[in-house]
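Novice: Using only what follows, build the 3D model:
(one chain, ligands or ions: 1)
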Amino acid sequence: METGFWRFEDLTEMIKTNTIYTENCLETLRRMEDEFLHMTITSPPYDDLREYNGYHFPVEEIAAGLFAKTRTGGVVIWVVGDRTVNGDETLTSFRHAFAFKDAGFRVHDTMIYAKNNPIPSDCGKRYRQCFEYMFCFSKGQPETFNPITQPIKQEKAFKSFRITKVGRNDLAHDHLAPKERKVNNIFSYNVGTSSSRDKIAFEHPAIFPEQLAEDQISTWTNEGDLVYDCFMGSGTTAKAAHRLGRRWIGSEISADYVRIANERLRPYLSSREEAAV
Ligand SMILES: C[S@@+](CC[C@H](N)C(=O)[O-])C[C@H]1O[C@@H](n2cnc3c(N)ncnc32)[C@H](O)[C@@H]1O
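Specialist: Next up is the predicted model:
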């Protein structure tokens with residue numbers, strides 16, 4: 001019997017939370033119930049930037065799988081960049097974005113992950129490459145949004161009151177002026193060794209910063225929600241989700257990377273929890 005994207009018999013094997021599955025993410029997705037995940041945050045392999053044992057990367061199938069398994073109101077944060085080949089950018093990131101749109105997701109926001117300390121490289125007649133995209137794809141309107149905010153300097157708050165010409169009395173009620181605002185959608189992080197304190201994580205060649213994962217997970221989910229990473233790598237998403245009191249699931253095709261993630265997570269998980277299957 002067919003249930004849309006997945007066959008009924010595939011759903012018989014239950015999925016455990018707080019577990020990394022050593023397998024192709026398509027297999028893990030196949031075993032999930034529909035509308036299961038509050039959020040996915042991940043960075044896919046792209047443009048053969050790194051060798052992942054020659055694995056073929058079917059983005060359309062993965063996008064369709066994620067759409068089926070994401071709850072209405074859930075989001076996918078897809079962190080991806082482009083390679084420059086013979087002076088020409090691949091725009092793989094845009095291809096991925098269109099694949100997610102075709103699968104049914106909305107492009108809720110195109111955020112930027114800016115690198116404070118990008119790896120020095122000779123970029124010829126172009127500026128130094130220092131960012132990746134963080135696409136926020138959503139299934140309908142996002143249900144949860146806990147924005148990161150920053151304080152507004154008091155003088156600025158007063159200025160905006162003058163512009164609205166609300167009168168002297170209102171100026172006296174400065175507590176009415178907003179004290180903070182949402183941050184911009186460009187998030188900056190240190191990369192390399194300052195992006196995690198876990199030395200073992202750097203045995204993986206392409207980790208994203210822990211703070212990036214924490215910022216995104218705390219924005220789009222609440223405590224107890226379920227977060228998935230279909231390309232778990234060194235376990236950054238699992239660690240961030242765990243620290244924030246979210247449940248999590250990961251897929252990672254390389255047993256060696258699962259070993260790294262497992263070792264990295266061990267000090268953070270309780271003895272009852274098992275990180276890898
Ligand atoms: C860019 S890395 C992710 C790194 C991760 N964000 C971290 O902080 O450690 C991509 C990972 O996807 C894994 N991978 C590639 N294809 C996969 C697939 N189909 N299913 C599961 N994992 C896959 C690779 O082995 C690699 O570890």
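Novice: pLDDT-wise, which helix or strand of this protein ranks last?
Specialist: strand 2-3 (a mean of 36; mean pLDDT, DSSP states H and E).
Novice: can you give me the strands in the stretch 101-250 of the chain?
Specialist: 106-115, 131-138, 149-151, 180-182, 186-189, 226-229, 247-251 (DSSP state E, counting those that start in this stretch).
Novice: A64: helix or strand, and which one exactly?
Specialist: helix 59-69 (DSSP states H and E).
Novice: Strand 131-138 and that helix, what's the angle between them?
Specialist: Interaxial angle of helix 59-69 relative to strand 131-138 (axes from the mean of the first three to the mean of the last three CA atoms, to 10 degrees): 40 degrees.
Novice: how does this structure divide into domains?
Specialist: Listed by automatic domain parsing, the domain ranges of the chain are 2-146+184-265, 149-182.
Novice: Let me have the ones you listed in TSV, extended by mean neighbour count and distance to the ligand.
Specialist: C-beta: built from backbone N, CA, C; applies to glycine. Below are the domains of the chain laid out as TSV (neighbours: other CB atoms under 10 Å; distance: least, CB to the nearest ligand atom, whole Å):
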stretch	mean neighbour count	distance to the ligand
domain 2-146+184-265	18	3
domain 149-182	11	25
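Novice: ok, of those domains, where does mean pLDDT dip lowest?
Specialist: Mean pLDDT values for the domains of the chain show the minimum at domain 149-182, a mean of 66.
Novice: W78: which of the strands of the stretch 101-250 of the chain is closest?
Specialist: Across the strands of the stretch 101-250 of the chain, W78 has its closest neighbour in strand 131-138 (4.4 Å, CB to CB).
Novice: residues making contact with that closest one?
Specialist: For strand 131-138, the external contacting residues (CB atoms under 8 Å, 6 or more residues apart in numbering) are 43, 73-81, 93, 96-97, 100-101, 105-115, 142, 186-187, 212, 216, 220.
Novice: Adjacent strands (with direction) for that strand?
Specialist: In the sheet, strand 131-138 lines up against strand 70-80 (antiparallel), strand 106-115 (antiparallel) (DSSP bridges).
Novice: mind checking how far it is from the chain centre?
Specialist: 8 Å (CA atoms, centre = their mean, to the nearest Å).
Novice: now swap in stretch 67-87 and tell me
Specialist: On CA atoms, centre = their mean, the centre of stretch 67-87 falls 8 Å from the chain's centre.
Novice: cool, and stretch 130-145?
Specialist: 8 Å.
Novice: What of stretch 87-100?
Specialist: 17 Å.
Novice: Same check on stretch 177-188?
Specialist: 19 Å.
Novice: Between its first and last residues, how far does that stretch reach?
Specialist: The straight-line separation of the ends of stretch 177-188 (CA to CA, to the nearest Å) is 28 Å.
Novice: Kind regards, and thank you for your time.
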